[in-house]
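Participant: Kindly return the folded structure for what I paste below:
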Amino acid sequence: MSTIWIINQYASTPATGVGGRHHHLARELAARGHRVYLIAAQWHHLLRDGGASEGAPLAERVEGYDFVRLPTPRYSHAHDRKRVLNWVLFAWRLASLRRRIPDPPDVIMCSSPSLFAVMGAERLARRFGARLVFEVRDIWPQTLVEVGGLSPRNPMIQVMQRIEDRAYRQADGVISNLPGAVDHMVSRGMDRHKFSWIPNGFSAADVERPTRLGADARARIPTGKFIVGYAGTLGVANALDTFLDAAERLQAQEEIAFVLLGHGKEKAALEASAARRKLTNVHFLPAVPKDQVQSVLEFFDVCSIGLRAESLFRFGVSPNKLFDYLIAGKPIIYGIDSGTYRPVEEFQAGIQIPPQNVEALVEAILKLRALQPAERRRMGENGRRAALEHHEYGMLARRLEEVLLGGATGNDRVGLREAS
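Facilitator: A predicted model of the protein is given here:
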């Protein structure tokens, strides 16, 4: 048995947020006999109900692992400059873990995008003689430059760049959920053999026994229609204006309905846009708990996923909703340019289209609508089989275990199935 510390400033439990990748991996590693500590900020903007978690305990036992919170100051929103103070204090207070956690680590995994935390993780790893693994889930500061529009000469960007470059050199292993990230990392001085690709996935425990929807939720879903559905965050990056544009183009086809499940900063604007355009074929559903998502997807005939056309996605993507869709066994319309990473096309689980292309989205919907139900089921079964083979968190935890404990490195991605 090894002691594993996982540091992710934005981690949460199912009770306070989405839970997500690190909750599932920590739980699975613990089930494999390891002592696991998941360390996060006490407050951040990704927590449920605005992140009002000051009453949450600083340490608690969660499904076999220990969740540890470090006190951090609040900030107004993701783009608030005070967020920088949250980063710095979280990194500084990592040193207190030497007193708070009784079990010294054999390995420390520190996850981006909070790059400042890597400095604190490196100091802890040296202090304990532990392995250091750097995980990249969002390539910073490159994201802030390409998407945020900041100059590479910005002093904060330059500081982050030095931290990122040092992390690639100092870490014993580097992992990412972005399959093409290795090329960027090598360009910043990383030894290619350090890299391993470990994608996001789904938890079998969450989908084997989904919670049924209540009568009110079921009543909001149209019946007797061919439903094109989206489930996830309603944000700018998800290109949902294209989704509404397709609904407008197809409004005359009364047998087709469009359903958006979730919440996010753009929900009010999307609802207003649909109302202004009198899109009676568009239906908005409130977000549901994670254990009810599969119950909603059962009503969809086709699942849609899209992202804006951003050059940064050339490194690949790993959106959680993709794996929800795959395991649901529904055909998928994949409107993302994610470089050589083309999972829906490779798994023959649906149709890939260019991002933000209304004509292509309409054509894909009509093509899937025209197929025999058996053919759509075949696509869905392909996706479900791929999810079970490549993306279940128990399996991903076994791969992570090998990387963390030094048993495997150099898992460079050549092809999706080969890397998986």
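Participant: drop to CA atoms for contacts and neighbour counts, all remaining ones
Facilitator: Noted.
Participant: and the closest residue to His77 other than its chain neighbours, how far is that from Pro286?
Facilitator: Distances taken as Cα to Cα, 6 or more residues apart in numbering place His45 nearest to His77, at 6.3 Å, with adjacent residues excluded. For His45, the distance to Pro286 equals 20 Å [Cα to Cα, to the nearest Å].
Participant: Looking at these two, which is more packed in?
Facilitator: His45 (16 against 11; other Cα atoms under 10 Å).
Participant: gap between the two ends of stretch 298-310?
Facilitator: 31 Å.
Participant: Checking the residue nearest to His77 next. Helix, strand or coil?
Facilitator: coil (DSSP: H, G, I helix; E, B strand; the rest coil).
Participant: pretty sure it contacts His79?
Facilitator: No - with contacts counted by Cα atoms under 8 Å, His45 stays clear of His79, the gap being 10.0 Å.
Participant: which residues do those two both contact?
Facilitator: Common neighbours of His45 and His79 are not found (criterion: Cα atoms under 8 Å, 6 or more residues apart in numbering).
Participant: now Asp106, nearest residue through space, not along the chain?
Facilitator: Nearest one to Asp106, counting by Cα to Cα, 6+ apart, is Ala130 at 4.8 Å.
Participant: Quick check: that neighbour vs Ala274, distance?
Facilitator: With Cα to Cα as the criterion, Ala130 and Ala274 are 54 Å apart.
Participant: before we move on, what about Ala40?
Facilitator: Counting by Cα to Cα, the gap from Ala40 to Ala274 is 38 Å.
Participant: now Asn86
Facilitator: 37 Å.
Participant: how about the strands in the chain?
Facilitator: Counting by DSSP state E, the chain has strands at residues 3-7, 35-41, 59-62, 65-70, 107-111, 131-136, 173-176, 195-197, 226-231, 256-261, 282-285, 302-306, 332-335, 350-352.
Participant: Dump the third one to CSV, restricted to CA.
Facilitator: Taking only C-alpha atoms (Å, rounded to 0.1, in the frame of the first residue of the first chain), the coordinates of strand 59-62 have been written out as CSV:
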residue,chain,number,x,y,z
ALA,A,59,-11.0,17.3,6.6
GLU,A,60,-13.5,14.5,6.1
ARG,A,61,-13.7,10.9,5.0
VAL,A,62,-15.3,10.5,1.6
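Participant: Where does the prediction get shaky in the chain?
Facilitator: 49-55, 407-420 (pLDDT under 70).
Participant: domain ranges for it?
Facilitator: 3-201+392-419, 205-390 (automatic domain parsing).
Participant: Show me how far the first one is from its chain's centre.
Facilitator: Think domain 3-201+392-419. Domain 3-201+392-419 sits 13 Å away from the centroid of its parent chain (Cα atoms, centre = their mean, to the nearest Å).
Participant: again with the last one
Facilitator: Computed by Cα atoms, centre = their mean, the separation of domain 205-390 from the middle of its chain amounts to 16 Å.
Participant: for the stretch 1-150 of the chain, what spans make up the helices?
Facilitator: With DSSP state H, counting those that start in this stretch as the criterion, the stretch 1-150 of the chain has helices at 20-31, 83-93, 97-100, 116-128, 142-146.
Participant: okay, these in a markdown table with mean neighbour count and distance to Ile333 next?
Facilitator: Formatted as a markdown table, these follow (neighbours: other Cα atoms under 10 Å; distance: least, Cα to Cα, whole Å):
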| stretch | mean neighbour count | distance to Ile333 |
| --- | --- | --- |
| helix 20-31 | 22 | 23 |
| helix 83-93 | 18 | 36 |
| helix 97-100 | 13 | 45 |
| helix 116-128 | 19 | 37 |
| helix 142-146 | 16 | 25 |
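Participant: So for Arg369, which of the ones you listed sits nearest?
Facilitator: Nearest to Arg369 among the helices of the stretch 1-150 of the chain is helix 20-31; the distance by Cα to Cα comes to 32.7 Å.
Participant: How about the residue in the chain that sits furthest from its center?
Facilitator: In the chain, the greatest distance from the average C-alpha position (Cα atoms, centre = their mean) is reached by Ala252, at 35.4 Å.
Participant: Roughly how far does that one sit from Arg21?
Facilitator: 41 Å.
Participant: can you check Leu405 too?
Facilitator: For Leu405, the distance to Arg21 - Cα to Cα - is 19 Å.
Participant: What of Met160?
Facilitator: From Met160 to Arg21 the distance is 24 Å (Cα to Cα).
Participant: elements contacting the longest helix along the chain?
Facilitator: As assigned by DSSP state H, the longest helix anywhere in the chain is helix 373-390. Contact analysis of helix 373-390 by 3 or more Cα pairs under 8 Å, 6 or more residues apart in numbering; DSSP states H and E lists helix 320-328, helix 343-347 as its packing neighbours.
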